Structure formats: structure tokens, C-alpha cells
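> Next input, structure requested:
(one chain, ligands or ions: 1)
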Amino acid sequence: MNPILIEDIRKTFKKKFGKVSVLVNSPGRINFIGEHTDYNEGFVFPAAIDKGIVTAFSKSTTRFCTAYAFDKNESYKFLLEEIIPVKNGSWRNYLVGVVAEIQKKVKNVEPFNIVFGGDIPEGAGLSSSASLENSIVFGLNELFKMNLSKSEMILISQKAEHNFVGVRCGIMDQYASMFGVENHALFLDCRSQESIPFKIHFEDYQLVLINTNVSHNLVDAAYNERRSVCEKVVSLLQIKALRDATEESLMSIKESLSEDDYQKALYIIQENIRVQKAAQMIRENNLIAFGNLLFQAHDGAQNQFKISCPELDFLVELAKEDSNVIGARMMGGGFGGCTINIIANNSVKSFTKKASEAYLKKFGIECSIYFVKLSKGTHLTHRIYQE
Ligand code: GLA
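Coordinates of the predicted model:
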């Protein structure tokens, strides 16, 4: 991860709180395929990336915990015995949410100080929130020797998001950020929460993200609504999760569903199949077929699950029209953020130029282009004990 960022965080911490005891790197994530399948106990195919959050920690010598958000130049001071969700608290809720969830599980959290900062563009769908949650739980686990396993830590991060941020997210983001493997994507079974790392050989192709730089309103509400539709279908089918449904079983209750809800459930069933096929295509080194599944996944996200938006659709449409782009789709929860594209090496420049110009002309806003590497999950950068 960016060494300048690490130095900035270390220096700022030193100025504010003295010596750093623990320094954690926690990455954001991309997702090749499998959207909204995670909370349906299905399959996803994400990877940690070389953009993330760096957090410095030490024990506090007072009763207070103090956190400093380097990028925003904002501080937050709180007492461990008085944690509640902060109204419009943005980053504060990820922090106190994680602390509260740790307190429910382990008793020995003591006052601490942190400074954090990162290079994940916010609202881009690259999971800056999971990256922050993971960095906090990972750092506190180290600082107070709590002996939490990585699997326990990601559940703490996820619960913080449910209970303090109000998004009933699945486990994909926290898992990918925590367990990422360099140069690999993780074929994750969200039921067993076990994954197989797949090395991706891009060879003549390159991974390119295009950020629409839009994030539409009520994203969290729309996310939770999608989850509720899935739960309704699950209860009608009397199964544990949509992972267990088939197109045939869904057809048997079609009359009890609106066309809209039927299509949403059908999307989840089909997306689960696509993710498994995608892993198979990587195994066979068939990047073209893999890319084609990405186009299909976008179509489902746009027309069946209805989580896309005109800006994302426009960029994917441009990609589809260009034979040098072998796969593209919207990525993440939806309604904005990035598209993920697989583009022939020699056409990356021309395609991104063409897409940027057309996007600006159509929507009057600039899109951003990111090149990311598949990277290692949450880890300690340095370990400098004060004792
Ligand atoms: C968000 C959530 C994830 C997942 C994706 C959609 O990123 O945090 O759990 O549901 O949306 O795939």
C-alpha cells in the first residue's frame, strides 16, 4: 500500500498521541461477479485491492478514546461505557460500532487512540467501510491481545454495519478485505464462509475500474429492500436461503409473487450459477467466457434485480460495443460507484479516453479511471510495542 500514506499516518499519530503501538493496513475490495448473492448464502468472487485504509493505534492514558480521521481532519472523543450510534456520524459509526460489537464478545477493551486515513475513493463501491471496520477490529485485537480469529473479526465488522450503520450487508466485503490474497480472487461460499483463491492470469488483458462518480439517494434503503424481497421468497419457499432455490422451485410459487419480486429472486438464482461458472472459466483460463458472464451479470443487475443506474448502464453499453472489452458490469451494492472492465492491453488507453469523453458529454460529469492490483488482506504493517 501507498508508503506515503503510511508515513503520513505514522507522523500524524506521533504528533497527536506519541508512539505508535500497532499499525494496520486494511484493503478495499473489488468483486468480479456475484452481487447481492452473499446475504442469500450464495457465491461471490471478490478480491482485496492495493487501495485501503491505514490505522495507527496505541493505548490511551486517560479514560477517553480519541479517533482522528486524517483525510477529513475530524476528531471524535468517546467513553467506552457510553457508546451509542452517532446521528449522521459517518465514519464514527463504523468505529464505535466495531468497538460495541467487540464489547459484546470480549470484555477487555480499554481506552485507545487511533489515527486513520486511506486512498479508497468514497462512494465508489470499493468498500472503504469494510476496510475501516476491519482495520479497527484487527488493530484492537492486536493492541489488547484479544485472541480473536479473522473469522470472528469479520463477523464483528459486519454486525457493526448492521447495528450501527443500519445496512444489513452480507459478508463479502469484510471477508475479501480481511482474507485477500495477492494476485488472487476469492471464490467464496458465503454459507460455509470458506473460499478458494484463484490466481487470475490477465495476460493480454487489464483490469480497469471506471467510477461514475455518482451515488444515488436512498442506497441503503434500496439495499435493505432487496434483502427483504429475498427473505419473503425464502419464507414462501420454506427454505433456509435463496441459495437453496432453483428456477423450478421458484416457478412453483410464481403466482404468489409480483413479477418484480419473481424477477429479483430469479436473478439471485441465476447469479449464483454464473459465479460458479465464472470460477470454472478461470480454472480453464478462458478469460473470454469469464468476461461474457460479467456482461450477463450486468444485464441481470440492470433488468431483474434493478440495482443499476443510467450512468453505470451507459458505461457498460460502451464496453459492450467495443470488441476490445471482453467483460464489464456494475460492481458492488449498486446505484452508482464503479464498473469493472476487462480490456485488451493495447486498447486500455483508447477505450478509457473514449469512455471518459462520452460520459462527460452525456452526463456533464467526469468519470475516474482506476487501475488496481489484487492484494493481500488486512495485516500489520509494523509492530512497535511500547512495553
Ligand atoms: C454491498 C454489501 C455486500 C454485498 C454487495 C452486493 O457491498 O456490503 O455485502 O451484498 O453490496 O453484492
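
> from the stretch 1-150 of the chain, which residue is nearest to the ligand?
Nearest to the ligand in the stretch 1-150 of the chain, going by C-beta to the nearest ligand atom, is residue 35, at a distance of 3.7 Å. All C-beta atoms are positioned from the backbone trio N, CA, C, and that covers glycine.

> Run through the residues that contact the residue nearest to that residue when sequence neighbours are not counted.
On the basis of C-beta to C-beta, 6 or more residues apart in numbering, the spatially nearest residue to residue 35 that is not a chain neighbour turns out to be residue 301, at 5.8 Å. Contact analysis of residue 301 by C-beta atoms under 8 Å, 6 or more residues apart in numbering lists 35, 267, 307-308, 329-330, 334.

> Just the pLDDT at residue 385, thanks.
Per-residue confidence (pLDDT) for residue 385: 44.

> Which parts of stretch 165-177 count as buried, going by neighbours?
For stretch 165-177, a neighbour-count test (16 or more other C-beta atoms under 10 Å) marks 165, 167-177 as buried.

> related to what we said a few turns ago, just curious, which of the contacts of residue 301 is nearest to the ligand?
residue 35 (3.7 Å).

> Which secondary structure elements does the helix or strand harbouring residue 6 sit against?
In this structure, residue 6 sits in helix 3-17 according to DSSP states H and E. Counting by 3 or more C-beta pairs under 8 Å, 6 or more residues apart in numbering; DSSP states H and E, the packing neighbours recorded for helix 3-17 are strand 22-31, strand 46-59, strand 64-69, strand 112-118.

> Spell out the residue ranges of the strands in the stretch 151-300 of the chain.
Using DSSP state E, counting those that start in this stretch, the strands found in the stretch 151-300 of the chain span residues 184-189, 194-199, 205-215.

> now the second one against strand 46-59, angle please.
Between strand 194-199 and strand 46-59, the angle formed by their directions is 110 degrees, by axes from the mean of the first three to the mean of the last three C-alpha atoms, to 10 degrees.

> Sheet partners, orientation included, of strand 194-199?
strand 184-189 (antiparallel) (DSSP bridges).

> same check, this time on the last one
Strand 205-215 has these partner strands in its sheet, going by DSSP bridges: strand 336-344 (antiparallel), strand 368-370 (antiparallel).

> export those to a markdown table and tack on mean neighbour count, mean pLDDT and distance to the ligand?
Shown next, in a markdown table, are these (neighbours: other C-beta atoms under 10 Å; pLDDT from 0 to 100; distance: least, C-beta to the nearest ligand atom, whole Å):
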| stretch | mean neighbour count | mean pLDDT | distance to the ligand |
| --- | --- | --- | --- |
| strand 336-344 | 25 | 97 | 9 |
| strand 368-370 | 16 | 98 | 17 |
